[in-house]
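Asks: turn this into a structure:
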Amino acid sequence: MAMSRLPAPDITSRPVLASFDTYAGAQKCVDTLSDQKFTVQNVAIVGVDLRTVETVLGRLSWGRAAASGLASGAWFGVLIGLFVSFFANSTTSTGSLILLGLLYGAAFGIVFGLVSYGLTGGRRDFTSRQALLANRYDVLCTADSIGEARRMLGLSGWPPAQQASTAQAPTDARPPVFPGVPPTPPGDQPTSPGVPPTPPAHPAPGNAPVPPGTDQR
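Replies: Predicted coordinates for the structure are as follows:
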């Protein structure tokens with residue numbers, strides 16, 4: 001019976017430990033945790049809002065294409081000549097093999113560079129360098145280890161402040177009800193035994209409300 005594979009856990013669902021504008025900052029954060037013997041397997045670096053940045057280095061012409069092919073082919077030819085010299089007999093000079101590799105590699109590189117440039121048809125007459133960048137880099141950590149990681153990094157605000165053990169009294173609290181005493185209606189002032197209730201306030205003379213339609217003159 002074939003066993004089905006369990007889906008891999010989603011790393012991006014982990015809580016964010018810290019965010020950085022550059023990858024070097026995120027790398028330094030993980031390196032600091034590693035130096036303090038933290039379990040770095042619980043950490044991941046995630047780039048957010050990825051974008052491709054292409055830097056134009058200069059114009060590309062037939063001469064530049066040939067020179068670029070010559071340099072790359074020469075290096076490749078030197079490596080091939082050095083590798084062949086390890087298996088050559090003692091009568092063959094190592095230097096001659098490296099020189100032959102340099103010449104053949106340079107020739108092959110020139111041809112390859114010119115052919116590659118000719119195949120573009122003039123649609124890309126420039127050289128460039130591409131890089132993959134992100135708007136920010138989030139350092140994620142598992143929920144069971146993020147507290148320890150934040151303490152090692154000296155980040156404030158962890159653990160969160162504990163809530164007060166005593167709850168606030170509700171604003172709509174009603175007076176207590178005693179056995180044998182009828183409850184006080186809402187809006188009435190409770191009285192104590194032997195103390196007369198406070199009479200309701202009456203408007204001062206001259207400030208009594210005037211019924212509608214009455215002439216105040």
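Asks: quick one, phi/psi of Ala143?
Replies: Main-chain torsions, Ala143, degrees, to the nearest 10: phi -60, psi -30.
Asks: how about it: what's its closest non-neighbour residue?
Replies: Using C-beta to C-beta, 6 or more residues apart in numbering and skipping the chain neighbours, the partner closest in space to Ala143 is Pro15 (5.8 Å). C-betas here are computed from N, CA, C, even on glycine.
Asks: the one you found: neighbour count?
Replies: 10 (other C-beta atoms under 10 Å).
Asks: quick one: pLDDT of it?
Replies: Confidence at Pro15, expressed as pLDDT, is 91.
Asks: got the contact list for it?
Replies: Pro15 makes contact with Leu140, Cys141, Ala143, Ile146 under the criterion C-beta atoms under 8 Å, 6 or more residues apart in numbering.
Asks: same list, these, but as JSON lines with secondary structure please.
Replies: Shown next, in JSON lines, are these (DSSP: H, G, I helix; E, B strand; the rest coil):
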{"residue": "Leu140", "secondary structure": "strand"}
{"residue": "Cys141", "secondary structure": "strand"}
{"residue": "Ala143", "secondary structure": "coil"}
{"residue": "Ile146", "secondary structure": "helix"}
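Asks: of all the residues you listed, which two lie farthest apart?
Replies: Leu140 and Ala143 (10.2 Å; C-beta to C-beta).
Asks: picking that back up, which of the contacts of Pro15 sits closest to Arg64?
Replies: Leu140 (44.2 Å).
Asks: beta partners for that closest one?
Replies: Listed by DSSP bridges, the beta-bridge partners for Leu140 are Val16, Ala44.
Asks: distance of it relative to Met152?
Replies: Distance of Leu140 to Met152, given as C-beta to C-beta, to the nearest Å: 16 Å.
Asks: look up the closest residue to Tyr104, ignoring the ones flanking it.
Replies: Closest to Tyr104 by C-beta to C-beta, 6+ apart is Gly77, at 5.4 Å.
Asks: what's the burial count for the one you found?
Replies: Other residues near Gly77 come to 22 when the count uses other C-beta under 10 Å.
Asks: I'd guessed Thr142 sits against Arg14; true?
Replies: Yes. Look at Thr142 against Arg14 with C-beta atoms under 8 Å: they come within range, at 5.8 Å.
Asks: about what we covered before: now the residue nearest to Ala143: how far from Cys141?
Replies: Distance of Pro15 to Cys141, computed by C-beta to C-beta: 7 Å.
Asks: so Val46 is in contact with Asn135, correct?
Replies: No. Val46 lies out of contact with Asn135 (C-beta under 8 Å); the separation is 11.6 Å.
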